[in-house]
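*Asks:* What follows is a protein structure lacking sequence information:
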């Protein structure tokens with residue numbers, strides 16, 4: 001199973017508005033200024049322990065190297081990273097019609113986690129699953145795990 005996550009306002013959050021994981025130690029906190037939403041480390045540990053591939057799918061043009069480096073500093077290994085550049089190259093390509101800003105189905109991603117309702121609407125239109133998380137929610141990780149287990153159970157019944 002593959003689960004992808006958006007970055008900005010989903011996993012990368014403002015410490016003034018959200019509880020966050022501890023700041024990285026020096027000098028990494030100078031290189032990587034973004035802060036992870038509290039619970040991210042444990043959620044990714046759960047995913048790995050349950051043979052679920054954690055992906056990042058973002059419209060951001062941060063480099064794959066930068067994204068992987070930041071997560072590695074938190075002890076998180078990512079399976080794949082789809083950034084804005086990769087999406088443009090592999091999804092939009094030469095298509096004359098505008099594709100959605102994210103298209104997880106292209107990568108056989110079973111569930112995408114995002115904060116943007118328009119991504120959910122695109123999922124409904126283009127046939128991919130999106131779980132929306134938003135404002136500070138202490139139970140966000142449990143809700144995602146519950147949704148993952150629902151999808152796994154649905155897949156077992158097929």
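*Replies:* Cool, the structure landed. What you see is a predicted model, and the numbers here were worked out from it, not measured in a lab. Residues are numbered from 1 along each chain as shown.

*Asks:* Now the longest helix that the chain contains: average pLDDT?
*Replies:* For the chain, the helix with the greatest residue count under DSSP state H is helix 140-156. For helix 140-156, mean pLDDT is 93.

*Asks:* next one: stretch 36-54
*Replies:* 98.

*Asks:* contact partners of it?
*Replies:* 1-5, 10-13, 18-21, 71, 74-80, 140-141, 144-145, 148 (Cβ atoms under 8 Å, 6 or more residues apart in numbering). Placement of C-beta: from N, CA and C, glycine included.

*Asks:* How about stretch 78-93?
*Replies:* The contact list for stretch 78-93 (Cβ under 8 Å, 6+ apart) reads 2, 4, 53-64, 67-68, 71, 98-99, 101-103, 106-107.

*Asks:* if we can go back for a sec, give me the buried entries from the contacts of stretch 36-54.
*Replies:* Those of those that meet the buried threshold are 2-5, 10-13, 18, 20-21, 71, 76, 78, 80, 140-141, 144, 148, by 16 or more other Cβ atoms under 10 Å.
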